[in-house]
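Undergrad: next come a sequence and a model predicted from it.
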Amino acid sequence: MGGDYTRRDFFKYLSQGLCSMGLASRFGMPSHDLWKLISPSHALAKEEPPLKEVSFYKKLPDLKIQCEICPKKCEIADLERGYCGNKENRKGKYYSLVYGESCAAHVDPIEKKPLFHYLPSTKAFSIAAVGCNFECKFCQNWRIAQYRPEQVESGSLSPKEIVSLSKRNECSTIAYTYSEPVVFYEYMYDTAKLAKSEGIGSVMISNGFINEKPLIELCKQLTGVKIDLKAFTETFYKDYCSGELKPVLDTLKTLKKIGIWYEIVVLIIPTLNDSESEIRKMSQWIKKELGVEVPIHFSRFHPMYKIKNLPATPIKTLENARKVAMEVGLHYVYLGNVQGHKGENTYCPGCGEMLIRRIGYHILQNSIKGDKCPTCKHVIAGVWEKI
Amino acid sequence: MTRRLFLKYTTIFGAYLVGVFSFPLRLWGVVADKSSGGKSGSGKSRIVLVRNSAVLTKNKEVNPSVAGEMINSGILSLTRESTSGRAWKSIFKPKDIVGIKVNALGGKQIATHFGVVKAVVSGLKSAGIPEENIIIWDRLTKELKSAGYTINKSDKGVKCFGTDTNYDPYPEIAGSIGSCFSSIISSFCTALINIPVLKDHDLAGVSLSLKNFYGAIHNPNKYHDNNCDPFIADLNTHSYIKDKLRLVICDALTLQYQGGPAFKPQWAINYHSLLLSRDPVAIDRMGTELIEEKRKEKGLSSLKKAGREPVHIATAAKKGLGTDDLNNIEFVKL
């Protein structure tokens, strides 16, 4: 997770992408001006966003609807929006207000998602649309996740354009990330479907707060998922995320059942979710329900949004979490946001050999052969070759 | 005496003088802003209901002269002043920058009528407030446009525009609320007039004065659980609202008793009324009574039975924002 993504960042990153396509040099102007030239109407506050009917909802009497995308199951009256703020009921029809509207676009290393066992050293064309179905008080990208579409200046980027930009930037994967992709489901689904037909993978970087039916449908188009497991108590989910733990655990079980590749990230926040007993219970649950092969990343918290009164997570706390998870028996336990720590590397569970050496998002060495440790031939779980 | 000592003594004496004279002035300011006009002689919160069936034309347009008369008689009764100018001056000072928060969400048919707002602007001008220091605002410019407002972002005349993307950069905390406020309310206005409409709300029960300030924060969608309680009340405790709100005028030319917040003609009636008060809780309580009365008359269940009792009003009273006790409300019908 890489901090805030503002409108300025978006323009910058998109321009960089376009520069790599040679467009900037063709027009012979500074890259930030290029955006205005391409899409002047969308660079300014929009009068009316493009509408796309939401895929999963049911109609109720008196023009009300009930959203069925996520477990919030918002019941929404005419002219009102759901908790995510980016879908609106208009006379009994429920519409996404962010379809084809990206508030961030960037070419990232796949390691930044983080996905460590998924096509290492490849690039992911990463996009976001405004909104989230949680409100984490420590949200790292709150300036896009916790706003409504009219409050953030987005740019028009159709699924076709995303796929095209991904190809031109030599990205193996499209990542739906930064905000919460579950709430821009239709945009993600259509893009992933088109990408799949053109040989490009799609990964969802999500809080996992999604109903089973839309998840199963979506996974038919995806090649990987990263789930933020915020903590292992309902209290934490309720008090700090306005969410629930159980549906997230259900999502993880569904992902295992489906057989899609997925990894888990836990942001460790001092005093809130860092107790040894909680980490142990979480690790035991993962081992029992998901197996020891699923990678788990313990990531370092930095003060953000509504939690600014706590310090950054001490490295020792993260190391303890890693130790506990490994004691429980999980094979791939990583540390995040701690550049240069040995906890960023991949070690063979069979012989202990270091297989992938990382510093931050950069891979310095990768000795996995096919999907095996070159020394003991232990199979390393993951997606190592393009699907 | 050295230069150093001279400066020291004059500084101490100066500070003493400032302290002595500013304290009573400050105290007077609080009394003038919070109590006069808001409370009756018996200490009750005063609400004035002005009704005139001529205020709406056959085309449901506002008759501006009738609206002006209604505002005028209402403000006179509320403040118990003898002239309109004195009435407005008892609430606003010429140096105030006044934000008029309207409700434009539901489109022209259930929005704050521009004709009512125009009459309020006339009143403010009579208190010596220049047009340039008056801003009519809501969440989005596009919603204001669709409600029939003419947008003016220029330096001349009364301003009218939505917050759009102009929110404070960091969230403010008020109880259960953590939100970035519209910079219009946080940085621009020194005083607020709230002009909500009189309507039912699907989750909060009613959308009147207290709920109308959901249009002042960046993330209202996060605060609709539990019938918006305690979120609405908490929001109204923030100093941007609590300390700046001087007057509430509920635009009850239309009353919608079911199906809100969008306009539903089958549940809306012409009510030809305005309610004025300086107590946002009292006006919401009384507005709720009017909606409940109409629901009963039309054979609908109470809001409580419908699962959306507007409990935020009682919560707001508990937080000291006003009274919801009908025994402490003086309801005057003109």
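TA: Right, received. Where do you want to start?

Undergrad: next one, pLDDT for the closest residue to residue A:57 other than its chain neighbours please.
TA: Leaving out its chain neighbours, the residue that sits closest to residue A:57 by C-beta to C-beta, 6 or more residues apart in numbering or on different chains is residue A:94, at 4.5 Å. Backbone N, C-alpha and C define where each C-beta goes, glycine included. pLDDT, residue A:94: 98.

Undergrad: and residue B:155, by the same measure?
TA: 88.

Undergrad: so what's the closest residue in space to residue A:227 that isn't next to it in sequence up against?
TA: Excluding its sequence neighbours, the residue lying closest to residue A:227 (C-beta to C-beta, 6+ apart) is residue A:208, at 4.1 Å. For residue A:208, the contacting residues are A:227-229, A:247-248, A:251-252, by C-beta atoms under 8 Å, 6 or more residues apart in numbering or on different chains.

Undergrad: distance of residue A:208 relative to residue B:300?
TA: Taking C-beta to C-beta, to the nearest Å as the measure, residue A:208 falls 41 Å from residue B:300.

Undergrad: returning to what we had before: in three-state terms, label the residue nearest to residue A:57 for me.
TA: Using DSSP: H, G, I helix; E, B strand; the rest coil, the structure places residue A:94 in strand.

Undergrad: who is it paired with across the strands?
TA: Per DSSP bridges, the residues bridged to residue A:94 are residue A:89.

Undergrad: that older thread, which SS class is the residue nearest to residue A:227?
TA: At residue A:208, secondary structure determined by three-state DSSP is coil.

Undergrad: which strand or helix spans residue 283?
TA: All of this is about chain A. For residue A:283, the host element (DSSP states H and E) is helix A:276-289.

Undergrad: not what I meant, chain B
TA: Residue B:283 belongs to helix B:280-297, assigned by DSSP H and E.

Undergrad: next, see if that helix gets close to chain A.
TA: No: using C-beta under 8 Å from any C-beta of the partner chain, helix B:280-297 stays clear of chain A, with a minimum separation of 14.4 Å.

Undergrad: identify all contacting residues around the helix holding residue A:283.
TA: A:229, A:231-233, A:249, A:252-253, A:256, A:264, A:266, A:294, A:296, A:320-321, A:324-325, A:327-330.

Undergrad: past it, which element shows up next along the chain?
TA: strand A:296-300.

Undergrad: quick one: contacts of that following strand?
TA: A:1, A:114, A:116, A:263-268, A:283, A:286, A:312-313, A:315, A:318, A:321-322, A:325, A:330, A:332-338, A:343.

Undergrad: buried subset of the residues you listed?
TA: Buried by 16 or more other C-beta atoms under 10 Å in any protein chain shown: A:1, A:114, A:116, A:263-268, A:283, A:286, A:313, A:318, A:321-322, A:325, A:330, A:332-338, A:343, out of the contacts of strand A:296-300.

Undergrad: and those residues, which of them are in strands?
TA: When DSSP state E is applied, the buried ones among the contacts of strand A:296-300 are split such that A:263-268, A:333-336 fall in strands.

Undergrad: chain center to the helix holding residue A:283, what's the gap?
TA: 22 Å (C-alpha atoms, centre = their mean, to the nearest Å).

Undergrad: what comes up buried for it?
TA: Using 16+ other C-beta under 10 Å as the test for burial, helix A:276-289 gives A:278-280, A:282-284, A:286-287.

Undergrad: got the residues of chain A near chain B?
TA: Counting by C-beta under 8 Å from any C-beta, chain A comes close to chain B at A:45, A:47-48, A:62-64, A:77-85, A:135, A:137, A:146-148, A:150-153, A:242, A:305-306.

Undergrad: tell me where the stretch 151-300 of chain B has strands.
TA: B:159-162, B:172-174, B:177-179, B:191-195, B:197-201, B:205-207, B:245-256, B:268-277 (DSSP state E, counting those that start in this stretch).

Undergrad: just list whatever residues bridge to the spatially most central residue of chain B.
TA: Closest residue to the average C-alpha location of chain B: residue B:194 at 1.9 Å, with C-alpha atoms, centre = their mean. Beta bridges link residue B:194 to residue B:101, residue B:248, judged by DSSP bridges.

Undergrad: pretty sure it contacts residue B:248?
TA: Yes: counting by C-beta atoms under 8 Å, residue B:194 touches residue B:248, with 4.8 Å between them.

Undergrad: where do the contact lists of the two overlap?
TA: Common neighbours of residue B:194 and residue B:248 (C-beta under 8 Å, 6+ apart) are B:209, B:280.

Undergrad: I am finished for the moment; much appreciated.
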